[in-house]
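Trainee: need a 3D model of the following:
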Amino acid sequence: MAKAAKTIKLEQIGSAIRRHHSQRSTLIGLKLNKIGRVSELQDTPAVRGMILKVHHLVRIVDEK
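Mentor: Here you go, the predicted model:
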């Protein structure tokens with residue numbers, strides 16, 4: 001049996017206005033670009049790194 005992939009549910013809580021373009025691009029890569037938007041992503045080291053880069057703009061809602 002295949003093991004179910006772990007997921008992380010993120011919500012954007014901060015604005016991308018007046019942020020560096022790399023942080024804006026990271027939010028888009030996380031499927032977020034407006035405050036209040038929620039995205040569910042696989043828990044991989046790459047995604048964890050992206051979250052760390054914009055940790056002040058997002059909040060982890062649920063971790064499965």
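
Trainee: show me what contacts Ser15?
Mentor: Neighbouring residues of Ser15 by Cβ atoms under 8 Å, 6 or more residues apart in numbering: Ile35, Leu57. No exception for glycine: its C-beta is placed from N, CA and C like everyone else's.

Trainee: what residues sit buried inside stretch 43-61?
Mentor: For stretch 43-61, a neighbour-count test (16 or more other Cβ atoms under 10 Å) marks Val47, Met50, Ile51, Lys53, Val54, Leu57, Val58 as buried.

Trainee: between the residues you listed, which is nearest Leu32?
Mentor: Val58 (6.8 Å; Cβ to Cβ).

Trainee: nearest spatial neighbour of the closest one, skipping sequence neighbours?
Mentor: Leu10 (5.0 Å; Cβ to Cβ, 6 or more residues apart in numbering).

Trainee: list the backbone torsions phi and psi for the one you found.
Mentor: phi -110, psi 150 (degrees, to the nearest 10).

Trainee: for Ile51, see how far away it is.
Mentor: 7 Å (Cβ to Cβ, to the nearest Å).

Trainee: just Val61 next, same as before
Mentor: Applying Cβ to Cβ to Val61 and Ile51 gives a distance of 12 Å.

Trainee: need the overlap of contacts for those two.
Mentor: Leu10.

Trainee: on that earlier part again, strands - which of the buried residues of stretch 43-61 land there?
Mentor: Counting by DSSP state E, the part of those found in strands is Val58.

Trainee: just put the buried residues of stretch 43-61 in TSV and tack on pLDDT and distance to Ile17.
Mentor: TSV is the format used below for the buried residues of stretch 43-61 (pLDDT from 0 to 100; distance: Cβ to Cβ, whole Å):
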residue	pLDDT	distance to Ile17
Val47	96	24
Met50	97	19
Ile51	97	20
Lys53	97	17
Val54	97	13
Leu57	97	11
Val58	97	15
